[in-house]
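*Asks:* Sequence plus predicted model, see below.
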Amino acid sequence: MPEGQEGLGELPAYARSLGITVHSEDAGMPVLTVDFGPMVEGRPAHFHGGATAGLLETAGYAALRAALLATGRDPQLKPINITVQYLAAGKSKPSFAIGRITRLGRRNANVTVEAWQDDRARPIATAVMNILMV
Amino acid sequence: MTTPPARFDAREASKWFFQHGHTGWLGLRFTDQGDNWVELELPWREDLLGDRSRPVLASGPIISLMDMASGMAIWQASGAFKPVATLDLRVDYQRPARERASVRGRVECYRRTRSAAFVRGIAHDGDPDDPVAHVAGVFMTIGANPREANRALDPAINGGETDA
């Protein structure tokens, strides 16, 4: 694998530092998880919004990387923007996230991501990301 | 209470905010403040990289930086440390941060209602006129009286916050 490219299951340094790991796979897309702990804590016993965003963003990139690898593409990814919606407080238990590729173009991709805790049908946060591929 | 609580001061609050939790792990530091804005610094760190090919900070920690600066800007503007929850946060990345550069996040709270606070700001790596990212966000106060919260969300009767 060329330097600078992340495969499925190989996460960037930031994600590894925060304790994000690949939990499982769903229809070819990685499900990421992070345990609750001091590194992700904001107000007492709750996830910091920034840590939740970090999980969402990492899952978005992991999903896009998986989709690209499936089609034999391996471009460098650059963030254009991210919008995070916070739906419910992240409690002191593990969080999970998975990305879905809404649109995969030649130069850019649109990815939606959902994060949840106990019940996947009740997300705690969602994100939309636009990513440039060069 | 017999003594009124001290006015929120971002510089003072930073002394204990960043000693634990997510922001402590990131190593955030206070750099500057105004009446309705706060600037924090995310120091460069090798293990916060987002991309192995370039030594630039990942975008995730920059969101955390802006989220924290947003909350503190709201407390700075209102003068009180009342819990807030992020409702919506948008980050537009203008360019990568420079190699091995710390990033500063400067956020202002430009509008507060009874239950919501609106923020905007920039992340930069030395020159505020050449930002790394622009951000915009909306926060909700936690535990607000639902009746007042409903009034605050109705623009027709929302007169805004008057306790500043």
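*Replies:* Everything's here; your move.
*Asks:* When you work out contacts or count neighbours from here on, use the C-alpha atoms and nothing else.
*Replies:* Will do.
*Asks:* all strands for the chain, in order.
*Replies:* As the question left the chain open, I've gone with chain A. For chain A, strands defined by DSSP state E occupy the ranges A:21-26, A:29-34, A:77-86, A:95-104, A:108-116, A:125-133.
*Asks:* The chain in question should be chain B.
*Replies:* Here chain B has its strands, by DSSP E, at B:29-33, B:37-42, B:84-93, B:103-112, B:116-124, B:133-141.
*Asks:* will you turn the ones you listed into a markdown table that also has mean neighbour count and distance to chain A?
*Replies:* Output for the strands of chain B, formatted as a markdown table (neighbours: other C-alpha atoms under 10 Å in any protein chain shown; distance: least, C-alpha to the nearest C-alpha, whole Å):
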| stretch | mean neighbour count | distance to chain A |
| --- | --- | --- |
| strand B:29-33 | 18 | 16 |
| strand B:37-42 | 26 | 13 |
| strand B:84-93 | 22 | 4 |
| strand B:103-112 | 25 | 13 |
| strand B:116-124 | 25 | 13 |
| strand B:133-141 | 22 | 9 |
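*Asks:* residues from chain A in reach of chain B?
*Replies:* By the rule C-alpha under 8 Å from any C-alpha of the partner chain, the part of chain A lying against chain B is A:3-5, A:12-15, A:17, A:38-42, A:48-51, A:53-54, A:57-58, A:79-87.
*Asks:* can you pull the contacts of A:Pro79?
*Replies:* Contacts for A:Pro79 (C-alpha atoms under 8 Å, 6 or more residues apart in numbering or on different chains) come out as A:Met129, A:Asn130, A:Ile131, A:Leu132, B:Ser59, B:Tyr93.
*Asks:* Spatially nearest residue to the second one (excluding sequence neighbours)?
*Replies:* Right, the one you point to is A:Asn130. Leaving aside its chain neighbours, A:Asn130 sits nearest to A:Asn110 (4.8 Å; criterion: C-alpha to C-alpha, 6 or more residues apart in numbering or on different chains).
*Asks:* contacting residues for the one you found?
*Replies:* Taking C-alpha under 8 Å, 6+ apart as the test, what A:Asn110 contacts is A:Ile101, A:Thr102, A:Arg103, A:Leu104, A:Val128, A:Met129, A:Asn130, A:Ile131.
*Asks:* give me that answer again for 10 Å
*Replies:* Residues near A:Asn110 by C-alpha atoms under 10 Å, 6 or more residues apart in numbering or on different chains: A:60, A:64, A:81-82, A:100-104, A:128-132.
*Asks:* Find the nearest non-adjacent residue to residue 86, please.
*Replies:* Here I'm looking at chain A. A:Ala125 (4.5 Å).
*Asks:* meant chain B actually
*Replies:* B:Phe139 (4.5 Å).
*Asks:* before we move on, back to that, nearest to A:Trp116, out of the strands of chain B?
*Replies:* Minimum separation from A:Trp116 across the strands of chain B (C-alpha to C-alpha) falls at strand B:84-93, 15.8 Å.
*Asks:* and the closest one, what does it pack onto?
*Replies:* helix A:49-70, strand A:77-86, strand A:125-133, helix B:59-78, strand B:116-124, strand B:133-141 (3 or more C-alpha pairs under 10 Å, 6 or more residues apart in numbering or on different chains; DSSP states H and E).
*Asks:* among these, which is nearest B:Asp51?
*Replies:* B:Asp51 sits nearest to strand A:77-86 of all those, at 9.0 Å, using C-alpha to C-alpha.
*Asks:* returning to what we had before: which pLDDT value goes with the residue nearest to A:Asn130?
*Replies:* Per-residue pLDDT puts A:Asn110 at 98.
*Asks:* Over to A:Arg73?
*Replies:* Reported pLDDT for A:Arg73: 94.
*Asks:* And the contacts of A:Asn110, which is closest to A:Ala115?
*Replies:* Taking the contacts of A:Asn110 together and measuring to A:Ala115 by C-alpha to C-alpha, the closest member is A:Gly60, at 10.7 Å.
*Asks:* Can you give me the pLDDT of the residue nearest to the closest one when sequence neighbours are not counted?
*Replies:* Take A:Gly60 and drop its neighbours on the chain: the residue closest to it by C-alpha to C-alpha, 6+ apart is A:Gly99, 4.8 Å away. Looking at A:Gly99, its pLDDT reads 98.
*Asks:* quick one: contacts for A:Gly99?
*Replies:* For A:Gly99, the contacting residues are A:29-32, A:56-64, A:111-115, A:126-129, by C-alpha under 10 Å, 6+ apart.
*Asks:* I'd like the distance from the nearest residue to B:Ala136 once chain neighbours are set aside to B:Ala10, if you could.
*Replies:* In space, and not counting its chain neighbours, B:Ala136 is closest to B:Arg120: 4.3 Å by C-alpha to C-alpha, 6+ apart. Applying C-alpha to C-alpha, to the nearest Å, the value for B:Arg120 to B:Ala10 is 17 Å.
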